[in-house]
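Colleague: Predicted structure and sequence below. I'll ask about it afterward.
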Amino acid sequence: MSIVKINVLNVPAEQREVLEKRFASRAGTVENSDGFEWFELLRPVEGTDDYLVYTRWRDEAAFQAWMEGPMKAAHQGGGDRPKPAATGNQVWSFEVVQQASPKQA
Ligand code: HEM
């Protein structure tokens, strides 16, 4: 089954809007990567102040291929970039063990 890679972004409260605006104008290129399955930007509500960038991939090789190529372009942003909104990050890796989706009517 698929693998999940989550980038955990430590974002100070006053930088939240900046971060979300950056994602609102993200490159939109990950959608074209071979083996890419899902992306979500998760805003913290309770239990943590960290934003999660959830991505799901067919396998580790597909994620590594994205990291080595398109990811770099997707993270360059445009023109003069202000200082990063996040003060730190870490990557969590998971294997999907089970999954379910609603039954079709
Ligand atoms: C140094 C650590 C990282 C920081 C601070 C960071 C932050 C950001 C920001 C602010 C954006 C919005 C676009 C931009 O302004 O560049 C973005 C895009 C994105 N990031 Fe990261 N990121 C980091 C590493 C990663 C890693 C390791 C992953 C993999 C799980 C990841 C997944 C994504 C995805 C999927 C997008 C959207 C790209 C697209 O639309 O093509 N990021 N990231």
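Modeller: Here it is on my side, so go on. Residues are numbered from 1 along each chain as shown.
Colleague: mind listing what the closest residue to residue 66 other than its chain neighbours touches?
Modeller: Spatial nearest neighbour of residue 66, chain neighbours left out: residue 33 (4.7 Å); criterion: C-beta to C-beta, 6 or more residues apart in numbering. Where C-beta positions appear, they are placed from N, C-alpha and C, glycine not excepted. Taking C-beta atoms under 8 Å, 6 or more residues apart in numbering, we find residue 33 in contact with 62, 65-66, 70.
Colleague: ok, now residue 16?
Modeller: 43, 51, 85.
Colleague: Stretch 83-99 and the ligand in contact?
Modeller: Yes. Interface with the ligand: stretch 83-99 contributes 84-86, 89, 91 (C-beta under 6 Å from any ligand atom).
Colleague: let me fix that: stretch 53-63
Modeller: Yes. With C-beta under 6 Å from any ligand atom as the criterion, the ligand is reached by stretch 53-63 at 53, 55.
Colleague: Need the contact partners of the helix or strand of the chain with the lowest mean pLDDT.
Modeller: Sorting the helices and strands of the chain by mean pLDDT, DSSP states H and E puts helix 70-74 at the bottom, at a mean of 91. For helix 70-74, the external contacting residues (C-beta under 8 Å, 6+ apart) are 26-27, 29-30, 32-33.
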